[in-house]
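>>> Sequence first, then the predicted structure:
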Amino acid sequence: MSIGMIDTGRIEAMVAQLRATAAHATPSIEKPLQTQQATGPVDFQSALKSSLDQVNQTQLQSQKLAERFTLGDTSVSLSDTMIAMQKSSLALQQTVQVRNKLVSAYQEIMNMAV
């Protein structure tokens with residue numbers, strides 16, 4: 001169904017995708033803590049690199065989509081371009097916040113008396 005120029009089907013699909021991602025990211029309260037961490041230890045460096053690579057890929061994809069839309073590619077809609085740019089922006093903001101928390105934690109550790 002469309003309202004004016006907005007395709008509500010795509011909006012509903014995006015909301016469903018966000019809900020699925022949120023449900024996947026939120027650990028279940030019913031599971032004991034031991035079973036949630038049974039996957040084994042994760043190397044912090046590899047987890048951080050993987051996260052930064054994902055943010056980079058999101059940035060590159062949104063940039064390519066914006067370029068295609070700007071050049072007049074009819075297969076790219078404005079709503080898809082704007083959604084990709086917002087995802088990219090949110091991923092970058094999240095990365096900056098994580099970096100700020102890491103710097104803050106490092107500074108706290110450095111100021112501890114030994």
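On my side now, so go ahead. The structure presented is a predicted model; accordingly, all values stated were derived computationally and were not measured.
>>> what about the nearest residue to Gln59 once chain neighbours are set aside, helix or strand, and which?
Closest residue to Gln59 apart from its sequence neighbours, by C-beta to C-beta, 6 or more residues apart in numbering: Ser88 at 5.1 Å. From N, CA and C alone the C-beta is placed, and that goes for glycine too. Per DSSP states H and E, Ser88 falls inside helix 78-110.
>>> what's the answer for Val55, then?
Per DSSP H and E: helix 44-70 holds Val55.
>>> quick one: buried residues of that helix?
Val55, Thr58, Gln59, Ser62, Leu65, Ala66, Phe69 (16 or more other C-beta atoms under 10 Å).
>>> Same question for stretch 94-104.
For stretch 94-104, by 16+ other C-beta under 10 Å, it's Thr95.
>>> confidence score at Asn111?
Here, the pLDDT recorded for Asn111 equals 91.
>>> Quick check: the gap between it and Ala105.
11 Å (C-beta to C-beta, to the nearest Å).
>>> Could you tell me the angle between the helix or strand hosting Glu12 and helix 78-110?
Using DSSP H and E, Glu12 maps to helix 8-25. Angle, helix 8-25 to helix 78-110, by axes from the mean of the first three to the mean of the last three C-alpha atoms, to 10 degrees: 20 degrees.
>>> CA atoms of helix 8-25 as CSV?
Only the C-alpha atoms of helix 8-25 are listed here, as CSV (Å, rounded to 0.1, in the frame of the first residue of the first chain):
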residue,chain,number,x,y,z
THR,A,8,4.3,1.7,3.5
GLY,A,9,5.3,-1.9,2.7
ARG,A,10,9.0,-1.0,2.8
ILE,A,11,8.5,0.9,6.0
GLU,A,12,6.7,-2.1,7.6
ALA,A,13,9.5,-4.4,6.4
MET,A,14,12.1,-2.1,7.9
VAL,A,15,10.3,-2.1,11.2
ALA,A,16,10.1,-5.8,11.2
GLN,A,17,13.8,-6.0,10.4
LEU,A,18,14.6,-3.7,13.4
ARG,A,19,12.4,-5.7,15.7
ALA,A,20,14.1,-9.0,14.6
THR,A,21,17.5,-7.4,15.2
ALA,A,22,16.5,-6.1,18.6
ALA,A,23,15.1,-9.5,19.6
HIS,A,24,18.3,-11.2,18.4
ALA,A,25,20.5,-8.7,20.3
